[in-house]
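# Give the three-dimensional model of this entry:
(one chain, ligands or ions: 1)
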Amino acid sequence: MGSPPNAAPHSQPTPEPGSVPTPHTPAGRDGLAALLAHPERAVIALDFDGTLAEIVPDPEKARAHAGAVAALGRLVPRLRAAVVITGRPATVAVRLGGFADVPGLDHLTVLGHYGAERWEAATGTVHAPPPHPGVAAIQAELPGVLDSSGVWHGTWVETAIERKGGRAIAVHTRRAADPQGAFDRLRAPLTALAERHGLIVEPGRLVLELRPPGMDKGVALADWVRETGAATVLYAGDDLGDLAAFAAVEKLRSDGLTGVLVCSGSTEVAELAERADLVVDGPAGVVGLLGALAARLDTSGADSP
Ligand SMILES: O=P(O)(O)OC[C@H]1O[C@H](O[C@H]2O[C@H](CO)[C@@H](O)[C@H](O)[C@H]2O)[C@H](O)[C@@H](O)[C@@H]1O
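Take a look at the predicted model:
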């Protein structure tokens, strides 16, 4: 036992392989106990990048962790419902995650664009609002703004921009020579650009996303939990965009539900670890947790709902 040498700050001791780790907060322990005692009243909500998928330099090359779909396929049928809530377009998360046509995930929901889009495994259909007109305007102006920032030169711009189906634009700095420096220098000009066109900037792990306002993962999660009628919710995330979902779980707990806040730990983001009930070691740790929960429910004799 013990933390791996490169574990993120706040990582908790690594549990025995296959065992369910113990949250370090009373609220988290209550939430986990409720999930295990009454899985039919419990739901799980999971972020994608950095939580179910390892962070990689090229966003298009991200994939769900090797064991993620199998662990979900085993765990989710035991639960009331499950959702992936992501900044990605819903269909992109479904493709990169391999979430379509998976036994056990036939009622999975994926909420894309921070909850603005909804994909249902049961129908394979996506519901999405019309694109915000500011996105097209920003797309036209963005190369000029990046050029004048002095951070990007020539073809760099094309590898930095993720177009996100015309509904948002992400500017990535992970592949810059100085990723954090580029992020810091771009933040103000991109915020001004977003504001000029009625959009907001969502900062993430070496990414600045310009997206429509009015939705976040907290609103999306609270609405979805209410819709399911769940009594317990486990949420796992890794990035700043997940803080709104953490706040939603805290609010649901104050309203009488039980909940568990899981941080997929990294050396890049400290804020979630500080608020989590349980910190695991990145996507491998999240998948280990999902697998351990499934194994525990298999052996505890809890009936599928
Ligand atoms: O809500 P999420 O599922 O966490 O999505 C948030 C953003 O994640 C993606 O970017 C991050 O992952 C990339 C692939 O590993 C990585 O290259 C990048 O540095 C990370 O920030 C995605 O590309 C964005 O569109 C999402 O908004």
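# and Val151, what pLDDT?
Listed pLDDT for Val151 reads 78.
# what do you get for the one 3 residues further on?
Among the per-residue scores, Gly154 holds a pLDDT of 54.
# swap in Gly301?
In the prediction, the pLDDT value recorded for Gly301 is 63.
# This structure against the ligand: which residues are in contact?
Applying Cβ under 6 Å from any ligand atom, one finds that the chain approaches the ligand through 47-50, 55-57, 59, 62, 86-88, 162, 164, 170, 172, 174, 204-207, 209, 239, 241. Glycine gets a C-beta too; all of them are placed from N, C-alpha and C.
# Can you list the residue ranges for helices in the stretch 201-305 of the chain?
Using DSSP state H, counting those that start in this stretch, the helices of the stretch 201-305 of the chain run over residues 217-228, 243-254, 271-275, 282-300.
# Could the C-alpha coordinates of the longest one be exported in PDB?
Backbone C-alpha positions of helix 282-300 (Å, rounded to 0.1, in the frame of the first residue of the first chain) are rendered in PDB as follows:
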ATOM      1  CA  GLY A 282      -6.300   9.700 -12.600                       C
ATOM      2  CA  PRO A 283      -8.500   7.700 -15.000                       C
ATOM      3  CA  ALA A 284      -6.900   4.400 -14.000                       C
ATOM      4  CA  GLY A 285      -8.000   5.200 -10.400                       C
ATOM      5  CA  VAL A 286     -11.500   6.100 -11.600                       C
ATOM      6  CA  VAL A 287     -11.800   2.900 -13.600                       C
ATOM      7  CA  GLY A 288     -10.400   0.900 -10.600                       C
ATOM      8  CA  LEU A 289     -13.100   2.500  -8.400                       C
ATOM      9  CA  LEU A 290     -15.900   1.700 -10.800                       C
ATOM     10  CA  GLY A 291     -14.700  -1.900 -11.100                       C
ATOM     11  CA  ALA A 292     -14.400  -2.200  -7.300                       C
ATOM     12  CA  LEU A 293     -17.900  -0.900  -6.900                       C
ATOM     13  CA  ALA A 294     -19.200  -3.400  -9.500                       C
ATOM     14  CA  ALA A 295     -17.400  -6.300  -7.800                       C
ATOM     15  CA  ARG A 296     -18.700  -5.300  -4.400                       C
ATOM     16  CA  LEU A 297     -22.300  -5.100  -5.600                       C
ATOM     17  CA  ASP A 298     -21.900  -8.400  -7.400                       C
ATOM     18  CA  THR A 299     -20.800 -10.200  -4.200                       C
ATOM     19  CA  SER A 300     -23.200  -8.300  -1.900                       C
END
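# just how off-centre is it within its chain?
What separates the centre of helix 282-300 from the centre of its chain is 18 Å, taken as Cα atoms, centre = their mean, to the nearest Å.
# likewise the shortest one?
What separates the centre of helix 271-275 from the centre of its chain is 14 Å, taken as Cα atoms, centre = their mean.
# If you count contacts, what does it end up packed against?
Under the contact definition 3 or more Cβ pairs under 8 Å, 6 or more residues apart in numbering; DSSP states H and E, helix 271-275 sits against helix 243-254, strand 258-264.
# Looking at the ones you listed, which is nearest to Asp281?
Shortest distance between Asp281 and the helices and strands packed on helix 271-275, using Cβ to Cβ, is found for strand 258-264: 8.2 Å.
# which outside residues touch the closest one?
The contact list for strand 258-264 (Cβ atoms under 8 Å, 6 or more residues apart in numbering) reads 10, 23, 27-28, 30-32, 34-35, 47, 50-51, 231-238, 246, 249-250, 252-253, 272-273, 275-280, 282-283, 285-286, 289.
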